[in-house]
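Undergrad: Predicted coordinates and the sequence they were generated for:
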Amino acid sequence: MALTANRELNRYVDQELRTFPVAASQHIYKGAIVGVNRSTGHVRHLVAGDLFAGIAYEEMDNNGGAGGDKMVRLYTQGDFVLTVNNATQASVGGSVYATSDEVTSVVASQGASYCGMLMAVVATNTGIVRIQPLAAGQVEHVVSVRLDSLTSAATKNAVMITQRAVKVISIDVSFLTVPNAGNLDVGTGPTTPNQLVAAFNLATLTPNTPTSLTLASRDVAKGLHVWAKVGQASSTAGECGMLTVRYVELP
């Protein structure tokens, strides 16, 4: 029903703390990464797949209690020093994901929960994360392309043209039949595209198993053509090759 008169709404000015109902049989510790159990709407120590709710401001023990019997205050805004696995200087500005109540990563493994943006790297596997609770995060794009492998020559495979500057999250490769030789390079160089992935040995792959590649760089400027170069196999060409790139566009 549409409004027919003015109304006054209660408004929260401070966005730093919010109170959430605690899930049944949960003991939340101060400093824990907390998630929303999507099936109940109650919060708990984050489990992979939860919607990230915030960082626990306080300890709250609801062991033995039903869902919602106790409430916990969470930080829902701010920059926090967290364990951030795989973080490098090149990861700054990219997304951060959590799979447990204490550890995050710049790699979005299956079921990982988006929790914010990496602002800085302060030590090995330690970074400053600007948390973004209850958010889907930066829009992630995925492009998958076929890779050709030959015994007669190397092949160059078109991946994409960047419409805006992008930060690569991950690059995976798989072959149904693994080539017996040849390196994989991915990048923007028209002759030697190795700016993102350099000289990965395709013969080390396991058949029909996606493998995450080590990135030499994560940043690609606007308007560049990204290529994947598959080195020449000697006796057995690869079959059903696939390259998958996950990335976010930058402002």
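TA: Ah, there it is.
Undergrad: buried residues in the biggest strand by length in the chain?
TA: Of all the elements of type strand in the chain, the one with the most residues (DSSP state E) is strand 113-123. Neighbour counts over strand 113-123 (16 or more other Cβ atoms under 10 Å) mark 113-118, 121 as buried. C-betas here are computed from N, CA, C, even on glycine.
Undergrad: Tell me the strands beside the helix or strand harbouring residue 20, with direction?
TA: Assigned by DSSP states H and E, residue 20 belongs to strand 17-21. Strand 17-21 sits in its sheet next to strand 71-75 (antiparallel), going by DSSP bridges.
Undergrad: The strand it pairs with: which residues count as buried?
TA: 72, 74-75.
Undergrad: swap in stretch 39-54?
TA: Quick answer for stretch 39-54 (16+ other Cβ under 10 Å): 42-46, 50-54.
Undergrad: now swap in stretch 166-186 and tell me
TA: 166-171, 173-175, 178-179, 181-186.
Undergrad: next one: stretch 142-157
TA: By 16+ other Cβ under 10 Å, the buried positions in stretch 142-157 come out as 145, 147, 149, 155, 157.
Undergrad: Who are the contact partners of the first one?
TA: Looking back up the chat, that one is residue 145. 157-160, 228, 242-243 (Cβ atoms under 8 Å, 6 or more residues apart in numbering).
Undergrad: Let me know the closest of those to residue 14.
TA: residue 160 (42.7 Å; Cβ to Cβ).
Undergrad: so that closest one sits right up against residue 246, yeah?
TA: No - assessed by Cβ atoms under 8 Å, residue 160 is found out of contact with residue 246, at 11.8 Å.
Undergrad: which residues touch the longest strand of the chain?
TA: 33, 35, 46, 48-52, 79, 81, 84, 87-89, 91-99, 104, 106, 108, 127-133, 135-138.
Undergrad: next one: that strand to chain centre, how far?
TA: 11 Å (Cα atoms, centre = their mean, to the nearest Å).
Undergrad: and if you look at stretch 195-204?
TA: With Cα atoms, centre = their mean as the basis, the mean position of stretch 195-204 lies at 21 Å from the chain mean.
Undergrad: what about it, start to end distance?
TA: End-to-end distance of stretch 195-204 (Cα to Cα, to the nearest Å): 21 Å.
Undergrad: So what's the model's average confidence on it?
TA: Averaging pLDDT along stretch 195-204 yields 97.
Undergrad: Quick check: buried residues in it?
TA: Residues 195-198, 200, 202-203 are the ones in stretch 195-204 that count as buried (16+ other Cβ under 10 Å).
Undergrad: Switch these over to a markdown table; also include distance to residue 21 and secondary structure.
TA: Putting the buried residues of stretch 195-204 into a markdown table (distance: Cβ to Cβ, whole Å; DSSP: H, G, I helix; E, B strand; the rest coil) gives the following:
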| residue | distance to residue 21 | secondary structure |
| --- | --- | --- |
| 195 | 48 | coil |
| 196 | 44 | coil |
| 197 | 46 | strand |
| 198 | 50 | strand |
| 200 | 48 | strand |
| 202 | 51 | helix |
| 203 | 54 | helix |
